[in-house]
Every structure is written in structure tokens, then in C-alpha cells.
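*Asks:* Got a predicted structure plus its sequence, pasted below:
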Amino acid sequence: MIYIVIFLVSVLISSLSQVLLKISAEKKHSSILKEYLNVRTMMAYGLFFVSTLITVIAYKYVSLSMGAVLEASGYIFVTIFGTLILKEKVGKKKLVGLIFILTGVLIFNIP
């Protein structure tokens, strides 16, 4: 059970790094080099790396089928971060899709 939580923390970290990359991509940079070598982008890639390491550790104890289902929770995390941090709107289609994802994650985890 603890490794499922660790896996979800990894997905959460990955989702946060995606939002950081989007924030960085929306900024205007004076050169291509500064576009990729700025604090937000470097932090995002660092978080991706940490997320990958945590995922590898969690996969030692979480089955591949369970990992794929848990990974789908990233869509939910990204939507939450996008709404809270980026002030994005969640439309009806996206909300229905998220409900399907959440339902699938919950059904898969019923013993």
C-alpha cells in the first residue's frame, strides 16, 4: 500500500513539473537558449527526473497493470493544478473525461 502512495506522489511531482513547463512556455524569452535554460524549465526537468526515480522504485513493488492505472491520475492532478495555478477553465467534456478516469482508477482498485 505504501508503494501505491509513493507512486501517486511521483505522478503528483510529474504533474507539477508539467505545469512549470507550461508557465515557462507562455513567457517570452530573448533567445532559444534562455527558453530552455531558465529557472522554471530547469526545475521542471529536475522534477521530472526525481519523479522518474521515484516511479522506478515504486515499480519494484507495484504491478505494471496497477502502475498504468495510477499513472492516469496525472490527468486529474494536471487539471487541478491548471485550474488553481494557471486559472484555466474546465469544460463539460473535460469534466466528463476526468470522471471516467477517476471511475476507472477506483474500479481497478476495488479488491
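*Replies:* Here it is on my side, so go on. This one's a predicted model, so the numbers in the text were calculated from it and none came from an experiment.
*Asks:* For the chain, spot the helix or strand the model is least confident about on average.
*Replies:* Least confident helix or strand of the chain, by mean pLDDT, DSSP states H and E, is helix 32-36 with a mean of 86.
*Asks:* quick one: buried residues of that one?
*Replies:* When burial is assessed from 16 or more other C-beta atoms under 10 Å, helix 32-36 yields no buried residues. Just so you know, the C-beta spots here come from the backbone N, C-alpha and C atoms, and that holds for glycine as well.
*Asks:* Show me what that helix is packed against.
*Replies:* With contacts defined as 3 or more C-beta pairs under 8 Å, 6 or more residues apart in numbering; DSSP states H and E, helix 32-36 has no packing partner among the helices and strands.
*Asks:* For that helix, list the C-alpha coordinates in CSV.
*Replies:* Extracted C-alpha coordinates of helix 32-36, given in CSV (Å, rounded to 0.1, in the frame of the first residue of the first chain):
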residue,chain,number,x,y,z
ILE,A,32,16.3,29.9,-27.7
LEU,A,33,19.0,29.2,-25.2
LYS,A,34,17.2,31.2,-22.5
GLU,A,35,14.0,29.4,-23.4
TYR,A,36,15.5,26.1,-22.3
